[in-house]
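Peer 1: Here's a sequence, model it:
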Amino acid sequence: NDENETKNYIYIMTAAHVAAPGHGIDILLHGDDELQRPATVVARNMTLDLALLRIVDDSNNSNIIQEGGLTLATAIPEVGTVAFAHGYPASRLRRPAMTMGIVCGIADGLGVPDDDMSSSPHRRRRKPDNDENENNHQKDDETTFVVTDAAMSGGMSGGPLVDAQGNVLGVNALIRPDLRALGNYAISAEEVTQFLESVVLQQQQQTETKSESSVDKKNGKHDSCYRVYLFNDRMNKKERVSSVLKSVALLDDDTANEVMMQAHATGRGIVGNYTGKVEAETMCTALRDQDLLVEFE
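Peer 2: Down below sits the predicted model:
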């Protein structure tokens, strides 16, 4: 939009479960005095476990981010391709970790029962919410993964799995302990490319919608441009969430219950539609002050 035309941005692809809904996200760039920058979630697909983040590039240090970023592989890698997994394991390592292995195979889905908890708590299957994101078009059993014996550990999710030329083969996603050395899964570059293409299409559609809304406002019509979403929250009790939705968002009993049930069943529920960004942001702030997990789009 107009207010951001003069800003430069750095876009970062990661796993959705490390950019959890309703939480603030900061990005730490090493080599830049370890300055943390607040990140904006451009798009998130919980089914694919992919998220695209954005931060303002206000640094003069050109060595922080490689110009142009990493390149996504254009084809599914062959078995035996040398692979390097990068990330930040939950340890006392001073710098990012890197492990080396090969591509052991390509998996179409996780291949585990719905109640098998050996894969990852972040990739449990759930009913897709068609209203949440038209691009949540795949189930876990249809997602293409690159399987590698390059060791991964907790904290490396969202990091890149690259080949010897530095091309991204996938995004580190999960570990299956039951498969031992074959249990390191990365979401394939093919899936990432499709996700990014869908994000571009969605952004274009949103721009067109906002343009149409601006025209309607000039003609006296006021269509909603922003939505506030409530995300499923295991910490707050149902009674308290309902009370906050009624007192802060001014929902009636039935609507508050409907929003909570939608969040429980699909991951998030629609609190309300708003005509302006400030109005939606104000509502988000008020609900967050009451410890609810909310975002607006």
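
Peer 1: Can you give me the neighbour number for Leu250?
Peer 2: Leu250: 11 surrounding residues under other C-beta atoms under 10 Å. The way it works is simple: take the backbone N, C-alpha and C, and place the C-beta from them, glycine included.

Peer 1: Quickly list what the spatially most central residue of the chain is bridged to.
Peer 2: Compute the mean C-alpha point of the chain, and by C-alpha atoms, centre = their mean the closest residue is Ala51, 2.6 Å away. Beta-bridge partners for Ala51, by DSSP bridges, are Thr14, Arg44.

Peer 1: can you give me the strands in the stretch 1-150 of the chain?
Peer 2: 9-14, 26-28, 36-38, 40-45, 50-56, 82-87, 97-108, 144-148 (DSSP state E, counting those that start in this stretch).

Peer 1: Those strands: which one's closest to Gly158?
Peer 2: strand 9-14 (3.4 Å; C-beta to C-beta).

Peer 1: Please work out which of the strands of the stretch 1-150 of the chain is packed deepest.
Peer 2: strand 144-148 (a mean of 24; mean count of other C-beta atoms under 10 Å).

Peer 1: between the strands of the stretch 1-150 of the chain, which one is nearest to Ala249?
Peer 2: Among these, strand 40-45 comes nearest to Ala249, with 21.3 Å by C-beta to C-beta.

Peer 1: Now the closest one: average pLDDT?
Peer 2: Looking at strand 40-45 alone, the average pLDDT works out to 83.

Peer 1: Mind giving me the packing neighbours of that strand?
Peer 2: Judged by 3 or more C-beta pairs under 8 Å, 6 or more residues apart in numbering; DSSP states H and E, strand 40-45 is in contact with strand 50-56, helix 189-218.

Peer 1: what sits up against it?
Peer 2: For strand 40-45, contacts defined as C-beta atoms under 8 Å, 6 or more residues apart in numbering pick out 11, 16, 19, 21, 25, 50-55, 133, 135-136, 195, 199, 202-203, 295.

Peer 1: got the CA coordinates for it in CSV?
Peer 2: Taking Å, rounded to 0.1, in the frame of the first residue of the first chain, the C-alpha atoms of strand 40-45 are listed here in CSV:
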residue,chain,number,x,y,z
THR,A,40,4.8,-9.5,10.1
VAL,A,41,3.2,-12.8,9.0
VAL,A,42,2.4,-12.3,5.3
ALA,A,43,0.9,-15.7,4.9
ARG,A,44,0.6,-18.9,7.0
ASN,A,45,-0.6,-22.4,6.0
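
Peer 1: Please give me every residue in contact with Leu53.
Peer 2: Leu53 is in contact with Tyr11, Ile12, Met13, Thr14, Ala19, Ile25, Ile27, Ala39, Thr40, Val41, Val42, counting by C-beta under 8 Å, 6+ apart.

Peer 1: er, Ala189 actually
Peer 2: Leu72, Ala73, Thr74, Val146, Asn167, Val168, Leu169, Gly170.

Peer 1: pLDDT value on it, please?
Peer 2: On pLDDT, Ala189 comes in at 97.

Peer 1: Where does pLDDT dip in this structure?
Peer 2: 1-6, 30-34, 59-68, 112-141, 205-224, 265-267 (pLDDT under 70).

Peer 1: Repeat the analysis, applying 50 as the threshold.
Peer 2: Within the chain, the segments meeting pLDDT under 50 span 1-3, 62, 114-139.

Peer 1: these two touch, right, the residue nearest to the centre of the chain and Ala20?
Peer 2: No - Ala51 is not in contact with Ala20 according to C-beta atoms under 8 Å; the separation is 9.3 Å.

Peer 1: returning to what we had before: just tell me which of the strands of the stretch 1-150 of the chain ends up closest to Lys237.
Peer 2: Relative to Lys237, the nearest member of the strands of the stretch 1-150 of the chain by C-beta to C-beta is strand 40-45, separated by 25.9 Å.

Peer 1: can you give me the helices in this protein?
Peer 2: 189-218, 238-247, 253-266, 277-288 (DSSP state H).

Peer 1: Quickly list what Tyr229 is bridged to.
Peer 2: Ile270, Glu295.

Peer 1: number of nearby residues for it?
Peer 2: So Tyr229, with other C-beta under 10 Å, has 24 neighbours.
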